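Enquirer: what would the 3D arrangement of this be:
(4 chains)
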There are 2 protein chains.
Amino acid sequence: MQKIKNMSEESLNKTGGLDTEEKIKEAARTIFHQKGYAATRTRDIAEAAGVNLALLNYYFRSKEKLFNIIMSETLGRFMEKIRLIFNDPGSTLEEKIGMITSQYIDLLIDEPEIPLFIISEVRTNPELLLEKLPIRDLIFRTIFYKQFQQAVAERRIDAIHPIHYLMNMIGLIIMPALAKPILQSAFHMNGDAYKELMENRKQLIPRWLYTIHLNSNQSDNEK
Amino acid sequence: MQKIKNMSEESLNKTGGLDTEEKIKEAARTIFHQKGYAATRTRDIAEAAGVNLALLNYYFRSKEKLFNIIMSETLGRFMEKIRLIFNDPGSTLEEKIGMITSQYIDLLIDEPEIPLFIISEVRTNPELLLEKLPIRDLIFRTIFYKQFQQAVAERRIDAIHPIHYLMNMIGLIIMPALAKPILQSAFHMNGDAYKELMENRKQLIPRWLYTIHLNSNQSDNEK
DNA sequence: GTCTATAGGGGGATAGAC
DNA sequence: GTCTATCCCCCTATAGAC
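Expert: Numbering: from 1, shown residues only, chains lettered A, B, ... in the order given. The predicted model follows:
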């Protein structure tokens, strides 16, 4: 299986369309996402990539280094969406919520394993987050945050901690992805039903969020 | 492996107040909950229990058998609350929601690892659920479910699938527990702040759920 | 760059003394 | 029932031929 990379055009191998390093990363991403770091065996990654185990260490030195690369990329890909939308100057608060919901639900239809992967691995290894991402800034120093604060002020709604708003938004979006194995196992829900459920929530979640956090008629301050 | 517990006096060992089998289970529960099956080493369980590794296999035959016992007990403990409340004939729908929220939040203040533990391990091993628990019946053949259907009918609210209601309820409750490692790492939130956040949600979540699912003034049917 | 073969070590499980 | 010592497999990582 020699690797004649025809550099004149591209560095892509005919087998799978990717060069070896990329094939290994692709396989690693899939398996790490599904099973987590501890339960993943490098042998399985190599086999899924269609290469020999030794190549994995040739390209990435160790399982842990390979994992860190995958984790960085996944975290980055996941957070980049938020960052872009939260800082978009051309959209209203409501539009931002709609974009976040819609884009993340699309992502979670394709890759429902990502939230559980991130949550699990951050638990065992909390430094993963701090090292890489300035999450506080990414949330509290954004146009989104200013717009939200302004909306709350205009409506004279008693302030509950904004962390509730963020957690509810993220929670409502990712919950079906987290629950997918349980939905499949307990309710025999198949892929199409899951997808339909997710598509429904594209409309529902923004309305829910608006209703519970930004509706001054029955806001949080009524005791 | 006979287990004659001498009840006349006590079956308790002086060291720690529990007999050996119980000490091992206690240690196993803690570590399995924190790290999951794959990342847990039997040596660590034995050490945490203050006994020798060989005893673990003497009492439980294997890591896997020990794990299954822990998983069964944790799942049972988790689901039993729902079952009792959902079938309580003496409480209204609103009261049931309040009880669920309050009791589970108390549980998650003490043991925030449980949701992630269950979700993670069910993913790798979906049979765990089906074998043990009749979840469908546990949800759809309950007094709670009848009361919910009735409330929706009375208010003439367009029906969205009740799975949304359940997922939102569970999601809003467990979300902070799932996010705890991230909240600690990214926001330096300590145990007290987490507890206060959770206590706040005891009041907030029932109101939110009522507002988005049972308020006919601005229900889901407005387009 | 890619392979085969193997070193090296960790972790689950057991034998056997007490 | 509890311990020490040990087995043995499996998994990561590397050496070395091609």
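Enquirer: just the helices in chain A please.
Expert: For chain A, applying DSSP state H gives helices covering A:20-39, A:42-49, A:53-60, A:63-86, A:93-110, A:114-124, A:127-132, A:135-140, A:143-154, A:162-187, A:191-213.
Enquirer: can you flag the weakest of those helices by average pLDDT?
Expert: Note on those: helix A:127-132 shows the lowest mean pLDDT, a mean of 77.
Enquirer: which helices and strands does it pack with?
Expert: helix A:63-86, helix A:114-124, helix B:162-187 (3 or more Cβ pairs under 8 Å, 6 or more residues apart in numbering or on different chains; DSSP states H and E). Every C-beta, even on glycine, is put in place using the N, C-alpha and C of the backbone.
Enquirer: so who does the most centrally placed residue in chain A touch?
Expert: Centroid-nearest residue in chain A, with Cα atoms, centre = their mean: A:Phe78, separated by 3.9 Å. With contacts taken as Cβ atoms under 8 Å, 6 or more residues apart in numbering or on different chains, A:Phe78 has the following neighbours: A:107, A:114, A:118.
Enquirer: repeat that for A:Thr92.
Expert: Per Cβ under 8 Å, 6+ apart, neighbours of A:Thr92: A:Gln147.
Enquirer: quick check on it: phi, psi?
Expert: phi -80, psi 170 (degrees, to the nearest 10).
Enquirer: circling back to that earlier point, can the helices and strands packed on helix A:127-132 go into CSV with extra columns for distance to A:Ile163?
Expert: CSV is the format used below for the helices and strands packed on helix A:127-132 (distance: least, Cβ to Cβ, whole Å):
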stretch, distance to A:Ile163
helix A:63-86, 15
helix A:114-124, 16
helix B:162-187, 8
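Enquirer: dump the helices of chain A to TSV, plus distance to DNA strand D.
Expert: Formatted as TSV, the helices of chain A follow (distance: least, Cβ to the nearest atom of the strand, whole Å):
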stretch	distance to DNA strand D
helix A:20-39	9
helix A:42-49	4
helix A:53-60	3
helix A:63-86	3
helix A:93-110	26
helix A:114-124	15
helix A:127-132	17
helix A:135-140	29
helix A:143-154	40
helix A:162-187	22
helix A:191-213	29
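Enquirer: tell me which of these sits nearest to B:Glu21.
Expert: Closest approach to B:Glu21 among the helices of chain A (Cβ to Cβ): helix A:20-39, 26.5 Å.
Enquirer: and the gap between the residue nearest to A:Ile24 when sequence neighbours are not counted and DNA strand C?
Expert: Excluding the flanking residues, the one nearest A:Ile24 by Cβ to Cβ, 6 or more residues apart in numbering or on different chains is A:Ala49, at 4.6 Å. According to Cβ to the nearest atom of the strand, to the nearest Å, A:Ala49 stands 9 Å off from DNA strand C.
Enquirer: format the helices of chain A as a markdown table; extra columns: distance to B:Leu130.
Expert: Listed next are those as a markdown table, based on distance: least, Cβ to Cβ, whole Å:
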| stretch | distance to B:Leu130 |
| --- | --- |
| helix A:20-39 | 20 |
| helix A:42-49 | 25 |
| helix A:53-60 | 35 |
| helix A:63-86 | 30 |
| helix A:93-110 | 24 |
| helix A:114-124 | 19 |
| helix A:127-132 | 33 |
| helix A:135-140 | 37 |
| helix A:143-154 | 42 |
| helix A:162-187 | 5 |
| helix A:191-213 | 17 |
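Enquirer: among those, which is nearest B:Glu73?
Expert: helix A:162-187 (18.2 Å).
Enquirer: list the buried residues for that closest one?
Expert: The neighbour-count check on helix A:162-187 (16 or more other Cβ atoms under 10 Å in any protein chain shown) flags A:163-186 as buried.
Enquirer: ok, stretch A:72-91 next?
Expert: In stretch A:72-91, counting by 16+ other Cβ under 10 Å, buried: A:74-75, A:78-79, A:82-83, A:85-86.
Enquirer: and what of stretch A:149-161?
Expert: Residues of stretch A:149-161 classed as buried: A:151-152, A:157, A:160 (neighbour count, 16+ other Cβ under 10 Å).
Enquirer: show the end-to-end separation of that stretch, please.
Expert: End-to-end span of stretch A:149-161 (Cα to Cα, to the nearest Å): 11 Å.
Enquirer: any residue of that stretch touching chain B?
Expert: Yes: on the criterion Cβ under 8 Å from any Cβ of the partner chain, stretch A:149-161 is in touch with chain B at A:160-161.
Enquirer: export only the CA atoms of stretch A:106-117, formatted as CSV.
Expert: Taking C-alpha atoms only, stretch A:106-117 is exported to CSV below (Å, rounded to 0.1, in the frame of the first residue of the first chain):
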residue,chain,number,x,y,z
ASP,A,106,-27.6,20.5,12.8
LEU,A,107,-24.3,19.6,14.3
LEU,A,108,-25.8,17.3,16.9
ILE,A,109,-27.9,15.5,14.2
ASP,A,110,-24.6,14.6,12.5
GLU,A,111,-22.5,14.1,15.6
PRO,A,112,-24.6,13.5,18.7
GLU,A,113,-21.7,12.1,20.6
ILE,A,114,-19.8,15.4,21.0
PRO,A,115,-21.5,16.8,24.1
LEU,A,116,-21.0,13.6,26.1
PHE,A,117,-17.5,13.3,24.8
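Enquirer: how far is it from where the chain is centred?
Expert: 6 Å (Cα atoms, centre = their mean, to the nearest Å).
Enquirer: cool, and stretch A:49-56?
Expert: Offset of stretch A:49-56 from its chain centre (Cα atoms, centre = their mean): 27 Å.
Enquirer: got a pLDDT number for A:Asp158?
Expert: The score at A:Asp158 is 82. That number is its pLDDT.
Enquirer: can you list phi and psi of it for me?
Expert: phi -60, psi 130.
Enquirer: measure A:Lys180 to chain B for me?
Expert: 8 Å (Cβ to the nearest Cβ, to the nearest Å).
Enquirer: so that residue is in contact with A:Pro115, correct?
Expert: No: taking Cβ atoms under 8 Å as the definition, A:Lys180 is not a contact partner of A:Pro115, at 10.1 Å.
Enquirer: still on that earlier bit, so what's the residue nearest to A:Ile24 up against?
Expert: A:Ala49 is in contact with A:20, A:23-24, A:26-28, A:56, counting by Cβ under 8 Å, 6+ apart.
Enquirer: could you rerun that using 7 Å?
Expert: Listed by Cβ atoms under 7 Å, 6 or more residues apart in numbering or on different chains, the contact set of A:Ala49 reads A:23-24, A:27.
Enquirer: what about the residue nearest to A:Ile163 when sequence neighbours are not counted, neighbour count?
Expert: Using Cβ to Cβ, 6+ apart and skipping residues adjacent in sequence, the residue nearest A:Ile163 is B:Leu197, 7.0 Å away. The local packing of B:Leu197 (other Cβ atoms under 10 Å in any protein chain shown) involves 20 other residues.
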